[in-house]
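Student: Sharing a model prediction with you, sequence too.
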Amino acid sequence: MTTARLGTARLLPATLALVGVLVAAGEYVVPAGDGRRIYYVVAQLLAGAGAAVVCLRMAGRREHTGRRWRLLVGAGLAGWSVMRLWWLIRGFDGPASLGPGDAGFLVLPALIFTSLLIGAAALPRPVPLPGRRDLVILVIDSVLIAGSLIALVWSLVPGRVFEQAGRTPPVLAVAYPIADLVLAVMAVLLLMMRQGGGAVRRQLQLTCAALVAFGVSDAVRLHDPGADGLNPVAAAGYLLGPALLALAALAPGAVPGDLKLAHRERDWLHLLLPYVPVVATGVVIAVRTGTGGRLTSFEAYLGWLGLGLVVARQMFTIVDNLVLLSRVTEGQRRMRHQAYHDPLTGLGNRAIFRERLDAALEDRRLHDRPVALLFADLDDFKLINDSFGHAMGDRLLHAIGERLLAVVPSGDLVARLGGDEFAVLLEHRAADAELIGDRMLGALREPFHIDGHTIGVGASIGLVVPEPGDRDLTADILLRRADAAMYASKRRGKGTVARYAGGADGGPHADLPHQLAQALAGDPAAAGFEVYYQPIVRFADGATVAVEALARWNDPVAGLVDPDVFVTVAERTGLVGAIDDFVLDRACADAATLANIYGRPIDVHVNVSAARLGQQGLESAVLAALERHAVRPSRLVVEITETRRIPDLPRAIEVLTRLRTAGVRLALDDFGSGYNALAQLHSLPVDIVKLDATLTDVDVSPDRAEALCRSVLAICESLGLMVVAEGIETVTRAHAMADLGCPLGQGYLFGQPVPPQRLGAAVIPAQVNRAAHVAPAHRAARR
């Protein structure tokens with residue numbers, strides 16, 4: 001494209017020189033009279049025909065807009081050349097007395113006008129408008145400016161040039177320069193007010209120059225019709241116009257993205273430019289009439305035409321402003337909706353809920369109007385995502401939102417605060433808050449049918465109704481109390497509505513997340529945190545080979561908090577790492593005590609959240625605890641508790657590999673639930689697999705459970721991994737797991753989690769011991 005641009009730039013001086021040579025030859029070489037007239041007409045005929053050929057040939061090498069405008073201009077030049085040939089054939093008195101046949105010369109301006117409109121539609125504007133209205137405005141502006149310039153020239157030229165000519169010019173003779181002027185103005189407007197790359201602007205510049213050349217020639221012929229074929233200025237314009245159009249066709253086409261190049265803003269030009277010549281013309285006419293001059297009928301007609309165009313232009317401007325205002329209003333409405341609504345469910349989001357809650361509390365403070373807040377958390381929603389996938393989980397959340405809207409009174413706000421948390425703000429029926437909460441639970445208990453699956457959902461709901469004496473409540477306080485009441489519902493067994501009853505200063509339903517953060521910020525032990533231990537037993541002889549360290553919390557305010565509750569809160573608030581570190585440090589500190597209790601060193605299992613594996617600090621915390629309490633790394637087993645997906649698996653593998661190299665053993669906890677699946681056995685460098693209780697539950701479906709456990713045990717044996725069966729609560733389950741060849745077990749059958757001082761040798765029922773001894777013989781017989 002650079003080569004083509006340089007070629008076009010070099011052709012321009014050569015073209016100007018050639019035109020100058022041709023005109024000089026006509027003036028100084030060719031004899032005056034008909035011979036010179038024939039010479040100029042033939043030269044113009046050849047120039048037009050050659051330019052038409054160039055345009056048509058270049059159109060075949062372009063696409064889309066570049067092809068269309070070149071075809072139009074080529075066709076116009078061909079028609080213009082045919083008219084020159086017609087002049088040449090009919091004789092040479094034609095130019096002096098134009099007839100109806102000369103209207104064929106208007107084909108070229110008409111097709112150039114069409115090509116400019118095509119180009120205008122392809123050129124982007126800083127402020128986009130509907131295509132047709134944009135083109136109409138361009139035409140109005142072009143005619144308005146051209147008419148103002150004509151009126152200005154008419155008023156300033158002394159003596160009336162046409163009166164000097166002694167005759168009234170033909171209509172066609174007047175139409176030619178006016179058409180050239182309108183088209184030149186249109187090209188200038190496109191150059192000044194549209195965005196485009198260098199190639200597009202080069203084509204417009206050459207086209208504008210060609211139109212100026214045609215306009216000068218037509219104006220000279222209008223002033224002196226008899227000198228049409230002999231005037232060197234007119235002849236030069238008719239030679240230069242086709243040549244410049246040919247150069248425009250030869251100019252390189254727009255490259256991809258060329259039309260999207262941003263230039264400085266020209267909006268102010270778009271608004272003011274059409275009115276500059278109008279104002280100038282008005283000033284000139286006002287000065288002349290103010291000094292005693294009179295307006296001619298032509299000036300009056302131009303004035304009325306200009307006024308009509310200005311009114312039309314203003315009407316389009318008003319319409320554009322109305323459309324723009326409508327777009328802005330719609331955009332603001334859409335942005336507000338997006339800012340205040342959850343994109344998944346269409347319910348309100350946390351932002352609008354907070355805003356409405358603040359307003360409701362202010363209204364309560366000023367006018368004593370009741371308000372109530374229901375906070376719902378879906379029970380075990382993670383299992384639904386694990387079982388059916390997150391896409392199904394998203395569809396289920398949408399369906400849950402629809403059901404909540406159906407049972408909550410209209411006018412009250414239902415919002416999704418995030419994840420599986422929903423909230424309802426009751427402003428109109430606060431007295432019926434408990435009834436509405438029960439309706440919400442009832443609506444959610446009905447199974448959901450999605451894509452052929454029947455899914456059951458439960459929820460725990462916390463209810464807060466401010467007491468009459470709570471005058472200074474804030475949204476934060478009310479939300480914390482609703483959150484605390486919701487966790488109280490979970491402690492009661494889930495699926496219930498729990499009303500906040502802690503008062504203004506705390507109580508059994510106090511702010512659990514806030515108190516958990518306070519407890520872990522200082523000394524967790526002083527805030528009620530303890531470490532309990534549960535034995536891991538060998539089926540063969542009933543010996544305790546390891547213990548698992550488990551966190552327990554007896555909060556001074558909230559009382560004994562269920563581990564599922566405070567661990568869930570910790571994971572949501574980012575505090576689970578602090579619990580992991582506390583249990584890790586206390587377990588290493590208790591290692592010597594555990595060895596004294598069992599008469600030998602035993603392994604200690606410590607849970608670590610999977611979300612921490614790819615984060616800074618886990619590796620250093622483990623190694624520091626081992627060194628601080630002088631514990632051999634081989635005695636520590638880090639259990640990966642994957643209640644959440646590992647965020648950075650490659651980094652987690654690096655951390656675990658370094659820990660394993662240091663001597664720490666690794667276990668995959670709750671295998672068969674959550675995200676712990678066969679893929680993790682391949683990815684993570686683990687030594688031990690702990691089967692989840694859902695796999696070891698042979699009491700419910702013995703054949704299915706035994707088949708699954710047998711398969712997993714075979715895989716682990718092939719990989720050289722030790723297996724621990726969790727959830728051993730009955731003799732039947734222990735017998736089945738021992739018979740399948742599982743070496744170790746853990747569960748309430750062997751002992752509940754207790755403080756270290758209450759640990760002792762596990763009491764193994766006689767049936768389990770007999771099973772452990774008989775099972776090898778049975779397996780040998782089966783082999």
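Tutor: Alright, I've got the coordinates.
Student: Dump the helix or strand where residue 121 lies to PDB, restricted to CA.
Tutor: Assessed by DSSP states H and E, residue 121 sits inside helix 107-122. Output in PDB follows, covering the C-alpha atoms of helix 107-122 (Å, rounded to 0.1, in the frame of the first residue of the first chain):
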ATOM      1  CA  VAL A 107     -25.100  12.100 -15.100                       C
ATOM      2  CA  LEU A 108     -21.500  12.600 -13.800                       C
ATOM      3  CA  PRO A 109     -22.500  14.900 -10.800                       C
ATOM      4  CA  ALA A 110     -25.400  12.600 -10.000                       C
ATOM      5  CA  LEU A 111     -23.200   9.500  -9.900                       C
ATOM      6  CA  ILE A 112     -20.500  11.300  -7.900                       C
ATOM      7  CA  PHE A 113     -23.300  12.400  -5.500                       C
ATOM      8  CA  THR A 114     -24.300   8.700  -5.100                       C
ATOM      9  CA  SER A 115     -20.700   7.600  -4.600                       C
ATOM     10  CA  LEU A 116     -20.200  10.300  -1.900                       C
ATOM     11  CA  LEU A 117     -23.300   9.000  -0.100                       C
ATOM     12  CA  ILE A 118     -22.000   5.400  -0.300                       C
ATOM     13  CA  GLY A 119     -18.700   6.600   1.100                       C
ATOM     14  CA  ALA A 120     -20.400   8.600   3.900                       C
ATOM     15  CA  ALA A 121     -22.300   5.500   5.000                       C
ATOM     16  CA  ALA A 122     -19.000   3.600   5.300                       C
END
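Student: Can you pull out the residues in contact with it?
Tutor: 64-65, 68-69, 72-73, 75-77, 79-80, 131, 134-135, 138-139, 176, 179-180, 182-183, 186-187, 190, 194, 200, 204, 207, 211, 259 (Cβ atoms under 8 Å, 6 or more residues apart in numbering). C-beta coordinates here come from the backbone N, C-alpha and C atoms, glycine included.
Student: Okay, buried residues for that helix please.
Tutor: 107-109, 111-120, 122 (16 or more other Cβ atoms under 10 Å).
Student: cool, and stretch 458-468?
Tutor: So for stretch 458-468, counting by 16+ other Cβ under 10 Å, buried means 459-466.
Student: Output the contacting helices and strands for the helix or strand just after the helix holding residue 121.
Tutor: As assigned by DSSP H and E, the chain's next helix or strand after helix 107-122 is helix 131-156. Helices and strands touching helix 131-156, as assessed by 3 or more Cβ pairs under 8 Å, 6 or more residues apart in numbering; DSSP states H and E, comprise helix 107-122, helix 171-193, helix 276-290, helix 297-340.
Student: which one of these has the lowest average pLDDT?
Tutor: The minimum mean pLDDT among the helices and strands packed on helix 131-156 belongs to helix 276-290 (a mean of 65).
Student: Surely residue 640 and residue 613 touch.
Tutor: Yes: under the criterion of Cβ atoms under 8 Å, residue 640 makes contact with residue 613 at 7.0 Å.
Student: Overlap in contacts, the two.
Tutor: Taking Cβ under 8 Å, 6+ apart as the contact rule, residue 640 and residue 613 both touch residue 656.
Student: Between helix 171-193 and the helix or strand encompassing residue 245, find me the angle.
Tutor: Assigned by DSSP H and E, residue 245 belongs to helix 232-250. If you take axes from the mean of the first three to the mean of the last three Cα atoms, to 10 degrees, helix 232-250 sits at 50 degrees to helix 171-193.
Student: in helix 232-250, what counts as buried?
Tutor: So for helix 232-250, counting by 16+ other Cβ under 10 Å, buried means 232, 234-250.
Student: How about stretch 192-205?
Tutor: 193-196, 199-205.
Student: Also stretch 658-673?
Tutor: For stretch 658-673, using 16+ other Cβ under 10 Å, the buried residues are 659-660, 664-673.
Student: With stretch 553-573 instead?
Tutor: Buried residues in stretch 553-573 (16+ other Cβ under 10 Å): 553, 555, 557-558, 561, 565-571.
Student: how far away is residue 722 from residue 538?
Tutor: 11 Å (Cβ to Cβ, to the nearest Å).
Student: picking that back up, in a markdown table, list the buried residues of helix 107-122 along with distance to residue 325.
Tutor: Shown next, in a markdown table, are these (distance: Cβ to Cβ, whole Å):
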| residue | distance to residue 325 |
| --- | --- |
| 107 | 42 |
| 108 | 42 |
| 109 | 38 |
| 111 | 38 |
| 112 | 36 |
| 113 | 32 |
| 114 | 33 |
| 115 | 34 |
| 116 | 30 |
| 117 | 27 |
| 118 | 30 |
| 119 | 30 |
| 120 | 25 |
| 122 | 27 |
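Student: Name the nearest of the residues you listed relative to residue 384.
Tutor: residue 122 (52.6 Å; Cβ to Cβ).
Student: helix or strand for residue 213, which one?
Tutor: Here residue 213 sits within helix 198-223, counting by DSSP H and E.
Student: So what pairs up with residue 375 in the strands?
Tutor: According to DSSP bridges, the partner residues bridging residue 375 are residue 423, residue 462.
Student: And residue 629, its phi and psi?
Tutor: phi -110, psi 10 (degrees, to the nearest 10).
Student: list the contacts for it?
Tutor: Counted by Cβ under 8 Å, 6+ apart, residue 629 has contacts 585, 588-589, 591-592.
Student: Now do it against residue 207, distance only.
Tutor: Taken as Cβ to Cβ, the span from residue 629 to residue 207 is 87 Å.
Student: still on that earlier bit, chain center to the helix holding residue 245, what's the gap?
Tutor: 52 Å (Cα atoms, centre = their mean, to the nearest Å).
Student: Specify the angle between that helix and helix 198-223 in degrees.
Tutor: Using the same axes, to 10 degrees: helix 232-250 against helix 198-223 is 160 degrees.
Student: neighbouring contacts of stretch 722-734?
Tutor: Here stretch 722-734 has contacts from 536, 539, 667, 670, 687-694, 696-699, 709, 712-713, 716, 737, 742-750, 765, 767-768, 771, using Cβ under 8 Å, 6+ apart.
Student: And the strands in the stretch 601-750 of the chain, which stretches?
Tutor: 603-609, 636-641, 665-671, 688-691, 722-725, 744-745 (DSSP state E, counting those that start in this stretch).
Student: Which elements pack onto the first one?
Tutor: Counting by 3+ Cβ pairs under 8 Å, 6+ apart, the packing neighbours recorded for strand 603-609 are strand 544-555, helix 576-589, strand 636-641, strand 665-671.
Student: Can you give the strand pairings for the last one, parallel or anti for each?
Tutor: To tie it back to what came earlier, the one meant is strand 665-671. Note on strand 665-671: by DSSP bridges, its sheet partners are strand 636-641 (parallel), strand 688-691 (parallel).
Student: The longest one versus strand 544-555: what angle between them?
Tutor: Okay, so that is strand 636-641. Going by the same axes, to 10 degrees, strand 636-641 makes 60 degrees with strand 544-555.
Student: Where does pLDDT dip in the stretch 1-150 of the chain?
Tutor: 1-9, 91-104, 124-131 (pLDDT under 70).
Student: if we go to 90?
Tutor: 1-17, 19-20, 23-42, 44, 59-67, 69, 79-108, 115-150 (pLDDT under 90).
Student: related to what we said a few turns ago, just give me the closest of the buried residues of stretch 553-573 to residue 25.
Tutor: residue 571 (93.9 Å).
Student: is it true that the closest one touches residue 610?
Tutor: No: Residue 571 is not in contact with residue 610 according to Cβ under 8 Å; the separation is 10.3 Å.
Student: show me what contacts the closest residue to residue 490 other than its chain neighbours?
Tutor: Spatial nearest neighbour of residue 490, chain neighbours left out: residue 460 (4.6 Å); criterion: Cβ to Cβ, 6 or more residues apart in numbering. Contacts for residue 460 were tallied using Cβ under 8 Å, 6+ apart; they are 376-377, 379, 486-487, 489-490, 494-496, 498.
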